[in-house]
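**Student:** Need the 3D shape of this:
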Amino acid sequence: MPIFITQGRFTQDALKGMMAKPEDRADAVGQLISKSGGKLLGYYLTFGEYDFLVVSEGPSFEGAAVSSIIAGASGGVMDLKTTMAMTSAEMKNAFAKAASVAAGFRPAGQIG
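**Tutor:** Numbers count the residues shown, from 1 in each chain. Here you go, the predicted structure:
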């Protein structure tokens, strides 16, 4: 199953609300991903450019998009960025397939 890494920031209102009533959002995030057809693998709070990092897996890109759309529309998070990740074994297979297909590919601008 594809693995997705999602990073984002909390809005100012979300931060104020969590200071007023602290909560662990891992269960809520896990339920959202589950209802979208996936599984939460990890939920981390981070320092730096992003406030959180979510690692999940799911059967399709559509499920990851559904979770991101709902989270973004909720108004509590912003600047969501989702990246698909592959294991090294999956990438090895992709390189092998690329090698077998490359011989028949003509680069742009190359004549004949």
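**Student:** By average pLDDT, which secondary structure element in this structure comes out worst?
**Tutor:** The helix or strand of the chain with the poorest confidence is helix 61-73; it has a mean of 86 (mean pLDDT, DSSP states H and E).
**Student:** And it, what does it pack against?
**Tutor:** strand 3-10, helix 26-35, strand 77-85 (3 or more Cβ pairs under 8 Å, 6 or more residues apart in numbering; DSSP states H and E). In this view, the C-beta of every residue, glycine as well, is placed from N, C-alpha and C.
**Student:** Next, the buried residues of it.
**Tutor:** 63-64, 66-68, 71 (16 or more other Cβ atoms under 10 Å).
**Student:** ok so, going back, out of the helices and strands packed on helix 61-73, which one sits most buried?
**Tutor:** Across those, the average number of neighbours (mean count of other Cβ atoms under 10 Å) peaks for strand 3-10, which reaches a mean of 19.
**Student:** And for residue 49, the neighbour number?
**Tutor:** 9 (other Cβ atoms under 10 Å).
**Student:** Poorly predicted segments of this protein, please.
**Tutor:** Where the chain drops to pLDDT under 70, the residues are 112.
**Student:** go with 80
**Tutor:** Within the chain, the segments meeting pLDDT under 80 span 111-112.
**Student:** The closest residue to residue 18 other than its chain neighbours: what's it in contact with?
**Tutor:** Spatial nearest neighbour of residue 18, excluding adjacent residues (Cβ to Cβ, 6 or more residues apart in numbering): residue 10 at 7.3 Å. Going by Cβ atoms under 8 Å, 6 or more residues apart in numbering, residue 10 touches 18, 51-52, 76-78.
**Student:** Is residue 8 in contact with residue 82, as I believe?
**Tutor:** No: counting by Cβ atoms under 8 Å, residue 8 does not reach residue 82; the two are 9.0 Å apart.
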